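# would you be able to build a 3D model of this:
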Amino acid sequence: MRKIKIFIPALTVMIFALVFQSCKNTGTGDAESAASEETASNTVTLTAEALKTAGIKIEPVQLRPAAQKIRVVGDIQFNAKKYAHITSRAAGRIEDILAFPGDKVKQGQPLLNLYSPDFLSLQAELVQASERWKRLKGDDGEQATARALFESVKRKLTLLNVADEELAEIERARTIRPLLAVRAPFSGSIIEGSAVAGDYVELGGSLFKIADLSSLWACVHIYEKDLSLVRPGSSVIIRVGALPGEEFRGSLLLVGDVVDEKTRTIEGRVEVSNLPGKLKPGMYIEADIISPVERKALFIPGAAVQDHENKKVVFIRTGENMFSLREVTTGGASDGLVEITGGLKEGESVVTGGSFLLKSEMLKKSLREEKP
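A predicted model of the protein is given here:
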């Protein structure tokens, strides 16, 4: 009786183990069957005749050199080499203003007229020194002194930004000009104007800020980890949110020497042409720096990639007349080639022509299988 009691629990354990193993095997078989069915549903087999008429073209997945792009952000700033703060070179009263913020001006164009007693005095000295120099032409010793005095006064007027032609006219006509013209140092746009007609300005008083906007700087922030991939002279592609779809190209002028402790970035300076005038200082930008350090990546022709159920897919040859659909992940594209970052290996054969026929055959096959 004792042996029967011991045997019954042991028999129960054995039965439970057999049932559990049976269920486990059934689950594994179902998974393998489902995987097999999924693979089969994504596979198309063509007859030899259909293969000829389909115009199927096949190319291998190749490893090619690829440019590395470092994504950065930044903003547009004035080109400091073409930006100037115009101040008064003499004390005086502003008589009239000839240019205002937003105006485009040419190099040498008068921006305002200033009544300056110092300017009047220097003109009078120039006329007197010129007459004395000419009067003493026969006396070599006195003439040298007179000429030195003339040149000294002339230099003082030059420092007031009086042009050589104006100096020659003053000397020739022996007439004093009542107003000193403040002129644009280069062609550009008036960014800021602080002058008011009738105001008295001291020597060095602020008048205008002018910038040549045909060339701007893009200041970008390069992460510390990307420093080894960038070099001065690298090409840069710039995009701004205000101009979707447009790209601006420039070159990296320099990479800074100091890492920002908070952002762990280094400032880079890019010079970019702005001849259309679309870029504005202060604009937020995104940019790609093209690294001179090349890498290897997998590429296939762009015609091989198709959209299927919101996924990027390609057909690969898996047999003589057999082709399978495979999902891939893509990177950048250039020159008709697409970078493959996942889903394919070097040397695999992908369909580059006739893939639409394969896709339609696969859909037909799927519909037939769905019918009861």
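# what ranges of this structure fall below the confidence cut-off?
1-41, 138-140, 364-372 (pLDDT under 70).
# Arg71 and Ala124: what is the separation?
According to CB to CB, to the nearest Å, Arg71 stands 64 Å off from Ala124. (Each C-beta comes from the backbone N, C-alpha and C, glycine too.)
# ok, now Gly343?
In terms of CB to CB, Gly343 sits 86 Å off from Ala124.
# more crowded one of the two?
Using other CB atoms under 10 Å as the criterion, Gly343 and Ala124 rank with Gly343 on top: 18 against 13.
# I'd guessed the more buried one sits against Thr329; true?
Yes - at 6.0 Å, Gly343 counts as touching Thr329 under the criterion of CB atoms under 8 Å.
# strands along the stretch 51-200 of the chain, start to end?
Taking DSSP state E, counting those that start in this stretch, the strands of the stretch 51-200 of the chain run over residues 57-60, 62-78, 83-87, 92-97, 104-105, 110-115, 180-183, 188-193, 200-201.
# tell me the helices in the stretch 101-250 of the chain, going along the chain?
Assigned helices in the stretch 101-250 of the chain, in chain order: 117-135, 140-159, 164-173 (criterion: DSSP state H, counting those that start in this stretch).
# which one of these lies nearest to Ala84?
Among the helices of the stretch 101-250 of the chain, helix 140-159 comes nearest to Ala84, with 16.3 Å by CB to CB.
# got the buried residues for the closest one?
Within helix 140-159, the residues scored as buried using 16 or more other CB atoms under 10 Å are Gln143, Ala146, Arg147, Leu149, Phe150, Val153, Lys154, Lys156, Leu157.
# surely Phe136 meets Ala144?
Just to correct that, residue 136 is Leu rather than Phe. No - Leu136 is beyond contact range of Ala144, at 9.1 Å (criterion: CB under 8 Å).
# gap between the most centrally placed residue in the chain and Gly336?
Centroid-nearest residue in the chain: Ile238, 1.9 Å away (criterion: CA atoms, centre = their mean). Applying CB to CB, the value for Ile238 to Gly336 is 24 Å.
# equivalent analysis for Ala148, please.
73 Å.
# Gly193 now?
From Gly193 to Gly336 the distance is 53 Å (CB to CB).
# look at the two and report which has more neighbours.
Legend: neighbour count by other CB under 10 Å for Gly193 and Gly336, higher for Gly193 (20 against 9).
# thinking again about what came up before, His221 is nearest to which of the helices of the stretch 101-250 of the chain?
So among these, helix 140-159 is nearest, using CB to CB, at 41.4 Å.
# what packs against that closest one?
Under the contact definition 3 or more CB pairs under 8 Å, 6 or more residues apart in numbering; DSSP states H and E, helix 140-159 sits against helix 117-135, helix 164-173.
# kindly recompute the last result at 6 Å.
Counting contacts by 3 or more CB pairs under 6 Å, 6 or more residues apart in numbering; DSSP states H and E, helix 140-159 is packed against helix 117-135.
# who's in contact with the helix it packs on?
90, 146-147, 149-150, 153, 156-157, 170-171, 174, 176, 180 (CB atoms under 6 Å, 6 or more residues apart in numbering).
# hmm, try it at 10 Å
89-93, 116, 142-154, 156-157, 159-160, 162, 166-167, 170-181, 203 (CB atoms under 10 Å, 6 or more residues apart in numbering).
# contact partners for Leu253?
Trp217, Ala218, Pro232, Gly233, Val236, Gly268, Arg269, Val270, Glu271.
# tally of neighbours for the fourth one?
A count of neighbours around Gly233, defined by other CB under 10 Å, yields 10.
# for the closest residue to it other than its chain neighbours, what are its contacts?
Excluding the flanking residues, the one nearest Gly233 by CB to CB, 6 or more residues apart in numbering is Ser251, at 5.9 Å. When contacts are counted by CB under 10 Å, 6+ apart, Ser251 touches Pro232, Gly233, Ser234, Ser235, Val236, Arg269, Val270, Glu271, Val272, Ile289, Ile290.
# mind running it again at 7 Å?
Gly233, Ser234, Ser235, Val236, Val270, Glu271 (CB atoms under 7 Å, 6 or more residues apart in numbering).
# and Arg264, by the same measure?
Counting by CB under 7 Å, 6+ apart, Arg264 touches Tyr223, Glu224.
# measure stretch 89-108 end to end?
End-to-end distance of stretch 89-108 (CA to CA, to the nearest Å): 15 Å.
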